[in-house]
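Q: Sequence first, predicted coordinates after that:
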Amino acid sequence: MEHDGLTVIDLFAGVGGLSLGFVQNGFEILYANEHDAQIAEAYNLNHPSTKTTTEDIRNLKIETEFSRYANKVTVVVGGPPCQGFSQKGHRKTIHDERNFLFRKYVEVVKVVKPKYLVMENVPNLLTNENGLFKNEIFSLFSELGYSCSASVLNAADFGVPQNRRRAIILGKLGEEGLDIPDGLSMNTTVWDAIGDLAFLESGEGAQEQRYQLPPVSSYQKELRGSEDVLRNHVATKHTKLALERLELIPANCTQKVLPKEHRTKSVYSGTWTRLNSKGKAPTITTRFDTPSSGQFTHPYLNRAITVREAARLQSFPDSYRFVGPKSSQMKQVGNAVPPKLAYHVAKAVKEDLERGDEGTGHHSGERRTRSEN
């Protein structure tokens, strides 16, 4: 099974934000694994030529499943959950049983032996326990022959209209490492992203409808592409109390403007706060349909943002489809790696490939001292 060109295996693939960034750079996604069946269905819809499995990776026989790809894959990518390091006050390691999914990622890399690996995760993966996890990860991959670098990137620095910080670990087979891309001078605002989408009121919209307004910003034009059908743009039907409260919040304002009887206590920052049309969105989560779950209220309209508006804030093109019940669609969007961020990571890999073995990467010994942003 020989494959020419640029090939990828995507583990813990979600709806495919990482995959899309690589596809946009000319890579082919050979294989993807996503255990959530509804999310895997959406991945399949958007990447129909990819072999997709929905089996829990813990139940896969790694050698049997992946040996066919040995030495035939350019990059293994993915974001394995690492719960074990999050507990405060208890010294944990990457070998904690709760980090078994991460160890499965390492097993796949060991079997497949790709030229590159890309891992994304929460920023404190690199700093918790005084860098213990980062050092263990680097050590594990070093034993497999990879030189690694790590940095925390903010999606907003790569043209995404959202402050979303993620740890990126990039490994290259051999002694020559590879730089993680620096941020770009790109500034995209919330309104650059969603200002052309239909002005729906609470409860309005449909899974498929016509565009009502022309695109204005370059970002809107890019994400619309050649689409003539607007999908996944359905507004939450809010309660009478929620609508009464939202009507009292002017543009760019927080719940501090509300009368005392309408102010609520919440563990979420940004509760009952409108998105700033001229600024960036906060990190999009999986509950963006609820004004009480964070700063997810439309800049001007009395409703939370729709799935399509959240997808725009994540930098998904309008051609990308989200399926299933709304709760699943929100998980698909909220848990994704922003494709524009993934694009620039993939671009760094592709450019290094094109430079060949005589490229300008630094020696791995230098890379291990690279500081995180």
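A: All right, it came through fine. Predicted, not measured: the structure shown is a model, and the values here were computed from it.
Q: Which residue ranges of this protein form helices?
A: 17-23, 37-46, 62-66, 100-112, 128-143, 190-194, 218-224, 240-246, 307-314, 326-334, 339-355, 364-367 (DSSP state H).
Q: what does the first one contact?
A: What that stands for is helix 17-23. The contact list for helix 17-23 (C-beta atoms under 8 Å, 6 or more residues apart in numbering) reads 6, 8, 10, 13, 29, 32, 43, 46-47, 50, 75, 77-79, 118, 120, 314, 316, 320, 336-346. (Each C-beta comes from the backbone N, C-alpha and C, glycine too.)
Q: Leaving out chain neighbours, which residue sits closest to residue 337?
A: residue 17 (3.8 Å; C-beta to C-beta, 6 or more residues apart in numbering).
Q: Count the residues that sit near the one you found.
A: 26 (other C-beta atoms under 10 Å).
Q: same deal with residue 320?
A: 25.
Q: Name the nearest residue to it, ignoring sequence neighbours.
A: residue 46 is the one closest to residue 320 (C-beta to C-beta, 6+ apart), at 5.6 Å.
Q: list the contacts for that neighbour?
A: For residue 46, counting by C-beta under 8 Å, 6+ apart, the contacting residues are 15, 16, 20, 320, 321.
Q: I'd assumed residue 43 was in contact with the second one.
A: If I follow you right, that is residue 16. Yes. The pair residue 16 / residue 43 is scored as a contact, 4.8 Å apart, by C-beta atoms under 8 Å.
Q: Compare neighbour counts for the two and give me the winner.
A: Counted by other C-beta under 10 Å, residue 16 and residue 43 do not tie: residue 16 has more neighbours, with 31 against 24.
Q: tell me the contacts of the more buried one?
A: 10, 29, 32, 42, 43, 46, 47, 336 are the contacts of residue 16 under C-beta under 8 Å, 6+ apart.
Q: What does the pLDDT read for the residue nearest to residue 337?
A: Listed pLDDT for residue 17 reads 98.
Q: pLDDT below threshold where in the chain?
A: Confidence mapping of the chain against pLDDT under 70 gives the ranges 1-4, 82-99, 267, 357-373.
Q: For it, just list every one of the strands.
A: Under the criterion DSSP state E, the chain contains strands at 7-11, 28-33, 51-53, 75-78, 116-121, 146-154, 165-173, 205-210, 229-234.
Q: most neighbours per residue, which of those strands?
A: Highest mean neighbour count among the strands of the chain (mean count of other C-beta atoms under 10 Å): strand 75-78, with a mean of 28.
Q: From the contact counts, what lies against it?
A: Contacting strand 75-78 under the criterion 3 or more C-beta pairs under 8 Å, 6 or more residues apart in numbering; DSSP states H and E are the following elements: strand 7-11, helix 17-23, helix 100-112, strand 116-121.
Q: how about a cut-off of 6 Å?
A: strand 7-11, helix 100-112, strand 116-121 (3 or more C-beta pairs under 6 Å, 6 or more residues apart in numbering; DSSP states H and E).
Q: For residue 56, grab the count of nearby residues.
A: Neighbours around residue 56, by other C-beta under 10 Å: 12.
Q: how about it, what does it touch?
A: residue 35 (C-beta atoms under 6 Å, 6 or more residues apart in numbering).
Q: State the phi and psi torsions of it.
A: phi -60, psi 130 (degrees, to the nearest 10).
Q: so how far is residue 101 from it?
A: 9 Å (C-beta to C-beta, to the nearest Å).
Q: One more: residue 156?
A: 28 Å.
Q: who's more crowded, those two?
A: A direct count of neighbours by other C-beta under 10 Å for residue 156 and residue 101 places residue 156 higher, at 22 against 19.
Q: Spit out the contact partners of the more buried one.
A: Contacts of residue 156 by C-beta under 6 Å, 6+ apart are 163, 280.
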